[in-house]
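In: Would you be able to build a 3D model of this:
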Amino acid sequence: MSNIRQCAVAGMFYPANAAELSAAVDSYLANSDSTDIHPKAIIAPHAGYVYSGQVAAHAYKALALKKDKIKRIVLLGPSHRVPFHGCALSNANFFETPLGDIPVDQDANAKLIKSGLAKNMDAAHALEHSLEVHLPFLQRALNDFRLVPIVVGDANAEEVSNIIEFFWNDEETYFVISSDLSHFHSYAEAKQLDATTSQAIVDFNIDQISSEQACGCRPVIGLLNSAKKHHLSACILDLKNSGDTGGDKDRVVGYGAYAFY
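Out: Residues are numbered from 1 along each chain as shown. Just a heads-up that it's a prediction; the model follows:
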């Protein structure tokens with residue numbers, strides 16, 4: 001019997017009905033700007049779709065340009081619920097979404113564990129939304145792929161970079177980093193803060209990125225270290241906050257989409 005990591009936030013962060021979910025994701029993708037950038041990695045937000053879905057779609061529309069080449073996605077996002085050190089893998093063979101089950105690359109997981117780069121910790125995955133909200137986008141934007149889902153705890157940038165480096169030279173492996181930007185500032189403050197953070201991201205200026213600027217700062221900085229090492233360029237695909245997309249402007253959360261190519 002297969003071990004399946006079940007949906008935790010379907011019906012809350014995104015539609016639980018498969019037809020409704022497909023239509024929503026497809027609409028976000030269709031309404032995203034076309035680009036000729038072919039990324040090796042993207043950063044995209046992980047809030048409820050009404051708030052950040054359209055922003056995330058800009059990154060996934062770019063990633064979809066490589067869908068014929070992508071056979072494995074390494075997905076890294078921050079832990080919101082379980083405190084732990086290091087990077088956590090899942091024992092699950094599949095990650096469930098309303099659109100179907102995504103196979104987990106357990107062979108890759110085993111190699112990461114053997115190399116001492118990560119550990120199995122199902123508790124870190126059970127209720128975590130920072131990975132789950134990306135899965136329907138991956139399912140609609142790509143062809144068949146295997147998933148390496150990694151929740152990042154209190155890990156340093158080198159620990160995350162080492163995982164990314166482990167897969168970097170595989171031409172069929174691509175990276176998705178999950179992160180929102182600033183939290184609960186006024187609309188005007190958030191606009192300024194997030195613009196500064198976004199510039200730091202595309203300039204690979206890791207000293208200007210902390211948990212105050214991006215909740216996924218650890219996986220973000222890990223990616224920046226590797227992308228800089230391999231001489232990639234970066235660009236901002238979209239930048240908004242919840243005051244732009246679906247909420248009031250008193251206390252907003254920032255969302256950015258970035259491509260590394």
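
In: low-scoring stretches of the stretch 1-150 of the chain, by residue?
Out: Low-confidence segments of the stretch 1-150 of the chain (pLDDT under 70): 1.

In: Now do the helices in it.
Out: Secondary structure of the stretch 1-150 of the chain (DSSP state H, counting those that start in this stretch): helices at 18-30, 49-63, 106-114, 122-126, 129-132, 135-141.

In: Isn't residue 92 up against residue 5?
Out: Yes: Residue 92 sits in contact with residue 5 when judged by CB atoms under 8 Å, with a separation of 3.9 Å. C-beta here means a position set from N, CA and C on the backbone, and glycine is covered the same way.

In: Need the overlap of contacts for those two.
Out: When contacts are counted by CB atoms under 8 Å, 6 or more residues apart in numbering, residue 92 and residue 5 are jointly contacted by 104, 122, 125.

In: Buried subset of these, written for PyMOL?
Out: The PyMOL command for the buried members of the shared contacts of residue 92 and residue 5 (criterion: 16 or more other CB atoms under 10 Å) is given here:
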select buried, resi 104+125
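
In: any chance of the shared contacts of residue 92 and residue 5 in TSV, plus distance to residue 77?
Out: Listed next are those as TSV, based on distance: CB to CB, whole Å:
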residue	distance to residue 77
104	15
122	16
125	10
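
In: burial count for residue 36?
Out: 7 (other CB atoms under 10 Å).

In: Sorry, wrong one. I was asking about residue 250.
Out: Residue 250 - counted by other CB under 10 Å - has 10 other residues nearby.

In: so how far is residue 105 from residue 172?
Out: From residue 172 across to residue 105, the span is 11 Å (CB to CB, to the nearest Å).

In: what sits in contact with each of the two?
Out: Applying CB under 8 Å, 6+ apart, one finds that residue 172 and residue 105 are jointly contacted by residue 72.

In: more neighbours, these two?
Out: Remark: of residue 172 and residue 105, residue 105 carries more neighbours, 22 against 12, as counted by other CB under 10 Å.

In: Please name the bridge partners of the closest residue in space to that one that isn't next to it in sequence.
Out: Spatial nearest neighbour of residue 105, chain neighbours left out: residue 146 (4.0 Å); criterion: CB to CB, 6 or more residues apart in numbering. Bridge pairing for residue 146 (DSSP bridges) gives the partners residue 72.

In: dump the residue contacts of the nearest residue to residue 124 once chain neighbours are set aside.
Out: In this structure, residue 124 finds its nearest non-sequential neighbour in residue 88, 3.8 Å apart by CB to CB, 6+ apart. With contact set as CB under 8 Å, 6+ apart, residue 88 has these partners: 79, 118-121, 124-125, 150-153.

In: swap the cut-off to 10 Å and go again
Out: Residues in contact with residue 88 (CB atoms under 10 Å, 6 or more residues apart in numbering) are 79, 82, 118-125, 128, 149-153, 155.

In: hmm, which of those are the buried ones?
Out: The neighbour count (16+ other CB under 10 Å) marks 79, 82, 118-119, 121, 124-125, 128, 149-153, 155 as buried among the contacts of residue 88.
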